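>>> What shape does this take:
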Amino acid sequence: QVQLVESGGGLVQAGGSLRLSCAASISRSSTRINNMGWYRQAPGNELERIAHITAGGTTNYADSVKGRFTISRDSAKNTVYLQMNSLRPEDTAVYYCNALVAYSDSNGLNEYDAWGQGTQVTVSS
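Numbering: from 1, shown residues only. From the prediction side, this is the model:
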């Protein structure tokens, strides 16, 4: 029903910037994208939620990225962005896009989490 495709990862030096994008394609009618967010997972670490944005535009950040990363969305394009500035080697991880998807069917309103395939971000010291 919903496919999330991420782009923008890569290799950058410490102090540099990257911008991640995540575009949601919807194949089913009566489907809506609600909250969206970015997660990351470094080798040996748990999945960490780093930024979140509601359908209304309210944002929330993990302390580890607050003041350096900015999440935004273009609801008309069903796209969420993550601007990452002042990158550090400890930001190295696979970054995943997440969306809370809602759709209606004969059973009523349903919700589920959709995930992107992940994009690698590597920050060199």
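
>>> Could you pull up phi and psi at the residue nearest to L18 when sequence neighbours are not counted?
The shortest distance from L18 to any residue other than its chain neighbours is 4.9 Å, reached at M84 (C-beta to C-beta, 6 or more residues apart in numbering). In short, each C-beta sits where N, CA and C put it, glycine included. The phi/psi pair for M84 (degrees, to the nearest 10) reads phi -120, psi 120.

>>> how many neighbours does M84 have?
27 (other C-beta atoms under 10 Å).

>>> Pull the contacting residues for it.
With contact taken as C-beta atoms under 8 Å, 6 or more residues apart in numbering, M84 is in contact with S17, L18, R19, L20, V65, R68, F69, D91, V121.

>>> Go again with 7 Å.
Shown in contact with M84 (C-beta atoms under 7 Å, 6 or more residues apart in numbering): S17, L18, R68, F69, D91.

>>> Break down this structure into its strands, ranges please.
If you assign secondary structure with DSSP state E, the strands in the chain sit at 2-7, 10-13, 18-26, 31-41, 48-53, 59-61, 69-74, 79-84, 93-105, 108-115, 119-124.

>>> about what we covered before: could you point out which of the contacts of M84 is nearest to E46?
When the contacts of M84 are compared for distance to E46 (C-beta to C-beta), D91 comes out closest, at 15.6 Å.

>>> Spit out the contact partners of that closest one.
When contacts are counted by C-beta under 7 Å, 6+ apart, D91 touches M84, V121, V123.

>>> pretty sure the last one is touching G15, no?
No: with contact defined as C-beta atoms under 7 Å, V123 does not count as touching G15 (8.9 Å).
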